[in-house]
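The following comprises the amino acid sequence and a computationally predicted model.
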Amino acid sequence: MPGESHESASSIPQSPRRTATGVDALPSAPDALRRVGEGHHIVCGLGHVGYRVAALLHQLGEPAVAITQQARPAWLQTVRAWGIPTLVGDARDPQLLAQAGITRARAVLALTDQDVVNLEIALDAQEACQTAPLVVRLFDHHLAPPLAAAFPRHRVLDVAALAAPAFAAAAVGEQVVASFHLDSARFVVGRRRVPPWAALAGAVAAPTVRDLQARYGVAVLSRTPASPAGSPREVSAGAPTFAPRGATPLHPGDQVLVLGRMPQWEQLCREWPAAGSPPVPTNARPHGRGQRPLRTRSRPEPPAYVWLGAWLQHAWHLVQDVPPPLRLVFATLVGLILLSVFVFSAALELTLVDAFYFVTSTVTTVGYGDITPRDAAPVVKLYASLLMMLGSATIAVLYSIITDIIVTMRLQQLLGRHRPPQAGHVVVAGLGNVGTRVVDELARAGVPVVAVDRTPDESAAAESLTTVIRGDARRRDSLLKVGITGARALVAVTNDDATNLSVALLAKQLNPQLRTVVRLLDADFARKLAPAPALDVALSAPLLAAPAFVAAALAPPEHTVCAAFVVDGTLCSVQHLPTPATWHGRASTQVRAAETAAIVMRRHRGRGADETAYVPAVDSDDTDDTATLRATEPLVMLTWRPLRANDGLVP
């Protein structure tokens, strides 16, 4: 993609061709390989993504073998300290794959920084082992769908697509953990803190998880209790409960992780605002199961002066596009015409109103003849003649300005360019692999976006109806051109960490109230910069995407991993699957697998437009016979596995 490379120079370079010789293993690799049995994961590539994947596998207690051609020495030492055998060489070498135990592997993850290399690794692994699932990292999002269709065993993932929702959510201040599409509907996984129920109109006295699900149509994935305040809790303070039962009470200050469609999530955000923001009043009473969610009142019409101000501001922005020389000529002519009002008022002894009437009729070449300089002094007649010529020139310039505005607006529409908003928008610096997806996420959420890049991919931005400015975001004039002084947030997502920091610091100087979100490739660097006052959010795309690769490697073949993330020291995965035949006739809460998996949503079996909608799964104590599962019925399941406590090796 223009404006952004795939990886930094510190990532793993791959040789253009494989070599059958020269494969070297770290000193402890042979002994460690002999200790590896069956069901291990082969991680090909120890770059930023591969290293984070290896770290998660270690924290889950999953056996793994790493193959890398080149990596940071500190990372190699750390991986060895975890007890993960590490082979140095080209993962496309069949001998190296055999040495890593490809025939006994549970999954193979191709995580280098080159699409062709990852595809070749996957094909070689598929030829060597017909059973192990393959997880492939690709940068080209156009290649992923046909590849997945041609090779069903391949699970193709894109780091940029996995990380973009987090960057977009951070820009608008929302705690969105992940987002995905299912049956053409967009689903959101987000955090929300339970507000004081007295502050919510029509809230029930003792709310529970079931009340929350019925009120908003979202599934509660986890509940983390607030700090103890003298009231009893089911669990100790701070310990999360995943897939809580419907009767679990919710207390003010508790944090819930919910899954729902975008409209339901937006309604929850309106009625459960962030700390310090008042809730949006509602005009509906509380409802129970089967009733429709609350609807907010319509906003009052703004006063007339607001519309007038907006119209004048829009007109001023149109004038700004007119070439400066043309504006200067027109302003000079208008100034001379206004001066002529006072000249003729004195020379012809007219009132200001009559003089204005005479000048206007002269400039517009109407000339009714009721007022003429026929009996005036010669110099006045000469000035009147000059005014006639100035009037013709003024009208011609005015027509030119109008034509320029119309043609400019039409060309902007044809080219997909749009006028930058002056306030309340989000500026995205860098239209690379991550930037284009962040722009798309914000545009789909209805957030006004302006993108700036030195070599932008304007065709991609045009699909999101986004304004694209060509320029260097590190320059003051470029940031002023995108309206940084009135922007609500800046998302710096170029391919260079230093550039992102430079852009964020300069933008913060120009607008101290600006919310800055910075992409940093190195997760360790992002963690160190977290306390910086000029940076509101520092995110690492590899760190955000690593859980999805691990979840894809661990999930059964019939499961589709929709989203994966780490919350409260636990790896969580949202998966879509058909109901197995062994679950037919059972209630959704009767299929919990050793308290590490639970059904959270089922496809709604109603009629009409909502026939394919997914709704929260009901409790097993529900007496409705529709609560039982049916074979092949589509389900959404949550799986969770706790990570090992930080042993000082995993950052």
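Received the coordinates, thanks. Numbers count the residues shown, from 1 in each chain.

Quick one, grab the pLDDT at the residue sitting furthest away from the middle of the chain.
Distance from the C-alpha centroid of the chain peaks at residue 375, with 74.7 Å (Cα atoms, centre = their mean). At residue 375, the predicted lDDT confidence score is 78.

Am I right that it is in a helix?
No: under DSSP: H, G, I helix; E, B strand; the rest coil, residue 375 falls outside any helix and is assigned coil.

continuing past the host helix or strand of residue 574, what's the next helix or strand?
In this assignment (DSSP states H and E), residue 574 forms part of strand 570-578. Later in the chain than strand 570-578, the nearest helix or strand by DSSP H and E is strand 597-603.

Identify all contacting residues around the helix or strand that that next one is followed by.
As assigned by DSSP H and E, the chain's next helix or strand after strand 597-603 is strand 614-616. Residues outside strand 614-616 that contact it (Cβ atoms under 8 Å, 6 or more residues apart in numbering): 182-183, 185, 187, 213, 217-220, 261, 600-604, 634, 636. Backbone N, C-alpha and C define where each C-beta goes, glycine included.

among those residues, which are in helices?
residue 213 (DSSP state H).

List only those of the contacts of strand 614-616 flagged as buried.
182, 187, 213, 217-220, 261, 600-603, 636 (16 or more other Cβ atoms under 10 Å).

quick one: buried residues of stretch 254-274?
254-261, 264-265, 267-269, 271-273.

In terms of pLDDT, where does residue 515 sit?
pLDDT, residue 515: 92.

all helices for the stretch 151-300 of the chain, in order.
Assigned by DSSP state H, counting those that start in this stretch, the stretch 151-300 of the chain shows helices spanning 159-171, 209-216, 262-271.

Of all those helices, which one is nearest residue 506?
Residue 506 sits nearest to helix 159-171 of all those, at 17.4 Å, using Cβ to Cβ.

Which neighbouring elements make contact with the closest one?
In this structure, helix 159-171 packs against strand 176-182, helix 433-444, strand 489-492, strand 515-519, strand 537-539, helix 541-554, with contacts taken as 3 or more Cβ pairs under 8 Å, 6 or more residues apart in numbering; DSSP states H and E.

Pick the most deeply packed of the ones you listed.
strand 489-492 (a mean of 28; mean count of other Cβ atoms under 10 Å).

which neighbours does it have in its sheet, and in what orientation?
strand 426-429 (parallel), strand 515-519 (parallel) (DSSP bridges).

With distance to residue 483 as added columns, please give the ones you listed in TSV.
Formatted as TSV, the strands paired with strand 489-492 follow (distance: least, Cβ to Cβ, whole Å):
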stretch	distance to residue 483
strand 426-429	8
strand 515-519	15
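
closest one to residue 71 among those?
strand 515-519 (21.5 Å).

Now do the strands in the stretch 301-450 of the chain.
For the stretch 301-450 of the chain, applying DSSP state E, counting those that start in this stretch gives strands covering 426-429, 449-453.

Tell me which of the helices of the stretch 151-300 of the chain approaches residue 244 most closely.
helix 209-216 (5.1 Å).

ok now that closest one, how far from the chain's centre?
Centroid displacement of helix 209-216 relative to its chain, using Cα atoms, centre = their mean, to the nearest Å, is 27 Å.
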